[in-house]
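Participant: Let me see the structure of the following:
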Amino acid sequence: MGSDHNEGDWQTLDRYRQKIDRIDRQLISLLSKRQDAAAAIGQIKRDLGIEIFDPAREKQVLRSVISTNRRNLTKE
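Facilitator: Next comes the predicted model:
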């Protein structure tokens with residue numbers, strides 16, 4: 001720790017890192033659930049004998065994700 005930083009700053013940094021770690025675990029759980037749902041959809045489509053890939057649905061999903069991104073996620 002640098003001498004020009006106070007202990008409170010380091011504690012705050014640690015709290016934010018812990019928060020990010022918790023969020024990351026939640027994201028992984030949600031992505032796993034999404035994958036399970038997508039796999040189930042794929043199986044139903046195979047059973048029905050229809051195409052697995054649906055470009056119109058993919059566009060719809062992407063539009064929904066983009067419009068839901070109210071906080072303007074960036075590359076950072």
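Participant: need the longest helix for the protein.
Facilitator: helix 7-48 (DSSP state H).
Participant: quick one: average confidence on that one?
Facilitator: The average pLDDT within helix 7-48 is 97.
Participant: same thing with stretch 61-73?
Facilitator: Averaging pLDDT along stretch 61-73 gives 84.
Participant: in that stretch, what's buried?
Facilitator: When neighbours are counted by 16 or more other Cβ atoms under 10 Å, no buried residue of stretch 61-73 is found. Where you see a C-beta, it was placed from the backbone N, CA and C, and this is true even at glycine.
Participant: How about stretch 13-27?
Facilitator: Buried residues in stretch 13-27 (16+ other Cβ under 10 Å): none.
Participant: Name the residue closest to the centre of this protein, please.
Facilitator: residue 27 (5.0 Å; Cα atoms, centre = their mean).
Participant: ok, now how distant is it from residue 66?
Facilitator: 18 Å (Cβ to Cβ, to the nearest Å).
Participant: Please apply the same query to residue 59.
Facilitator: For residue 59, the distance to residue 66 (Cβ to Cβ) stands at 10 Å.
Participant: and what of residue 17?
Facilitator: Distance, residue 17 to residue 66, by Cβ to Cβ: 29 Å.
Participant: Residue 28 too?
Facilitator: Counting by Cβ to Cβ - residue 28 and residue 66 are separated by 22 Å.
Participant: same question, residue 55
Facilitator: Taking Cβ to Cβ, one finds residue 55 at 16 Å from residue 66.
Participant: tally of neighbours for residue 41?
Facilitator: Counted with other Cβ atoms under 10 Å, the neighbours of residue 41 add up to 13.
Participant: In contact with residue 13, which residues?
Facilitator: Residues near residue 13 by Cβ atoms under 8 Å, 6 or more residues apart in numbering: none.
Participant: Tell me how far it lies from residue 27.
Facilitator: Distance of residue 13 to residue 27, given as Cβ to Cβ: 21 Å.
Participant: again with residue 15
Facilitator: Distance check for residue 15 against residue 27: by Cβ to Cβ, it reads 19 Å.
Participant: With residue 6 instead?
Facilitator: Residue 6 is 32 Å from residue 27, by Cβ to Cβ.
Participant: cool, residue 16 as well?
Facilitator: Distance from residue 16 to residue 27, by Cβ to Cβ: 16 Å.
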